[in-house]
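Student: Below are the sequence and a predicted model; questions follow.
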Number of protein chains: 2
Amino acid sequence: MSEPTISAPVPRGRPRSERSHRAILEAANEILEERGFVDLTMDEVAQRGGVSKATIYRWWPTKGMLVFEAFTANFLARQPTPDTGSLRGDLLAALRSWIRTVKGTVTGRTLVGLIAEVQRDPDLAELWRERFVTRVRAQHRLIFDRALGRGEILADVDPDVMLDLLFGSAYHRLLQSHLPLTDRFAQAVVDMMVAGVQSGHAATNGNGKKL
Amino acid sequence: MSEPTISAPVPRGRPRSERSHRAILEAANEILEERGFVDLTMDEVAQRGGVSKATIYRWWPTKGMLVFEAFTANFLARQPTPDTGSLRGDLLAALRSWIRTVKGTVTGRTLVGLIAEVQRDPDLAELWRERFVTRVRAQHRLIFDRALGRGEILADVDPDVMLDLLFGSAYHRLLQSHLPLTDRFAQAVVDMMVAGVQSGHAATNGNGKKL
DNA sequence: AGAATACGATACGTATCGTACCGTAAGGAC
DNA sequence: GTCCTTACGGTACGATACGTATCGTATTCT
């Protein structure tokens, strides 16, 4: 671990208070549960956490960044990608986990609020892509690695397009609220995708042939 | 605007200034082009339109509502659903039109800003669903009516799920910015969907067809 | 003429983000 | 044990921008 070339990070001065760190994140999560992203104010986080706003802003540059951290670990822990033995089972399990996590939950409301904030804050957008989207997608891409290993799909199936179909349609319903995120919806999406890849050369890179 | 009820629409007092009405919408569109939704301020709309803020707020209750109106007509006019003669052609045309409208354009940035605002303002969300989402989807649902008439799909194909797959995946890339909205992407999505409806779901009846 | 409504100008209230500054606390270096 | 460095709580403040309120004026119908 010790790198002689890089300056040794010898901590000087008063160390960061781990207690305040936790208190801030816990207060943020509490307020998110009660009022959601929009109505969470930094003043209240400070007050309820028993810390000063200066301390918050010393470690998190914006409200978005703070909520991002309070949210991410919680969310990621709830998105497993178990090996069910089939592509259809894996896709359905992943989508059902996601729906269970976000539908009618604090986590879902916070996710929506963060996605909205990401559209307004370029710095947060970069963090969002690198520390959330990329991470979740890498995890879910295992589903297609396994399906390829089983011989269920061909190598020309683009996992990125598959992920966009699977979760894009779900995020769509979450954000537009035009229709509910039912289990019937999940099954229909997965059935359509499985039928698509099993028909031969679908979801390739766009050399669509006419049947 | 027009009252279909029994009350005779006899206008009393000074009529609404159509000139101010237009000036407000035009100023809003100009600022949206230059700076986007977040950095559009109501004070500047008033100043540039040569009107008072009171006049704006007399007709639009919030900034979101104003921008919604300035945006909607413009967007809807660019989303035709031409009959290309095949399901694949119709889907591809619709998705390509959408991508052309939003990718790297002011309209796309405004769309993103509005979707973000919709997540923060319940009143705007209702308007958004009723006057935008519902309208666009009704228009695009014609694609599946025609496909059904041609015998390309079975009656058990759910048009709502199909629309969520088609546009959900596209909105996903627009909002998450993890991957670009290429034409290759559009083709892959459409190929996948066409393959899905033509093979898998027909399993119940066993009369999958080829054209 | 008078009632009703819209208009422009402008000041104001409110909310909330993020920063500045203070005196103090907690560690390491010597 | 003293000095230096950094973090802390408390709080005031600046900045921005939404949306409201008020006022005198303008325009139309009755």
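Tutor: Sure, I can see it. None of the values given here were measured: they were computed from a predicted structure.
Student: can stretch A:57-65 be found next to chain B?
Tutor: No. Against chain B, stretch A:57-65 shows no contacts by Cβ under 8 Å from any Cβ of the partner chain, the least distance being 11.8 Å. In this view, the C-beta of every residue, glycine as well, is placed from N, C-alpha and C.
Student: buried stuff in that stretch?
Tutor: Neighbour-count burial for stretch A:57-65, counted by 16 or more other Cβ atoms under 10 Å in any protein chain shown, picks out A:Trp60, A:Lys63, A:Gly64, A:Met65.
Student: Tabulate those (a markdown table), appending distance to A:Glu34, secondary structure and pLDDT.
Tutor: Shown next, in a markdown table, are the buried residues of stretch A:57-65 (distance: Cβ to Cβ, whole Å; DSSP: H, G, I helix; E, B strand; the rest coil; pLDDT from 0 to 100):
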| residue | distance to A:Glu34 | secondary structure | pLDDT |
| --- | --- | --- | --- |
| A:Trp60 | 20 | coil | 97 |
| A:Lys63 | 16 | helix | 97 |
| A:Gly64 | 19 | helix | 96 |
| A:Met65 | 21 | helix | 97 |
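Student: ok, those residues vs A:Glu44, which is closest?
Tutor: Minimum distance to A:Glu44 across those is 11.1 Å, recorded for A:Lys63 (Cβ to Cβ).
Student: Quick check on A:Thr62: phi, psi?
Tutor: Backbone torsions for A:Thr62, taken as degrees, to the nearest 10, come to phi -140, psi 170.
Student: I'd say it and A:Pro122 touch.
Tutor: No. The pair A:Thr62 / A:Pro122 is not scored as a contact, 11.1 Å apart, by Cβ atoms under 8 Å.
Student: pretty sure A:Ala116 is in contact with B:Gln119, am I right?
Tutor: Yes. The pair A:Ala116 / B:Gln119 is scored as a contact, 3.9 Å apart, by Cβ under 8 Å.
Student: Of the buried residues of stretch A:57-65, which fall within the contact range of DNA strand C?
Tutor: Among the buried residues of stretch A:57-65, the residues lying close to DNA strand C (Cβ under 7 Å from any atom of the strand) are A:Lys63, A:Gly64.
Student: Widest-spaced pair of the buried residues of stretch A:57-65?
Tutor: A:Trp60 and A:Gly64 (8.8 Å).
Student: who touches both of the two?
Tutor: By Cβ atoms under 8 Å, 6 or more residues apart in numbering or on different chains, A:Trp60 and A:Gly64 have no common neighbours.
Student: which ones are touching the residue most central in space within chain A?
Tutor: Taking Cα atoms, centre = their mean, the centroid of chain A lies closest to A:Phe132, which sits 5.0 Å from it. Shown in contact with A:Phe132 (Cβ under 8 Å, 6+ apart): A:Phe68, A:Thr72, A:Phe75.
Student: Which residue, neighbours along the chain excluded, lies closest to the second one?
Tutor: Computed as Cβ to Cβ, 6 or more residues apart in numbering or on different chains, the closest residue to A:Thr72 that is not its neighbour in sequence is A:Phe132, at 6.0 Å.
Student: Just want the phi and psi numbers for the residue nearest to the centre of chain A.
Tutor: Per-residue torsions, A:Phe132: phi -130, psi -70 (degrees, to the nearest 10).
Student: check contacts around A:Trp60.
Tutor: Contacts here follow Cβ under 8 Å, 6+ apart; on that basis A:Trp60 touches A:Ile24, A:Leu66, A:Glu69.
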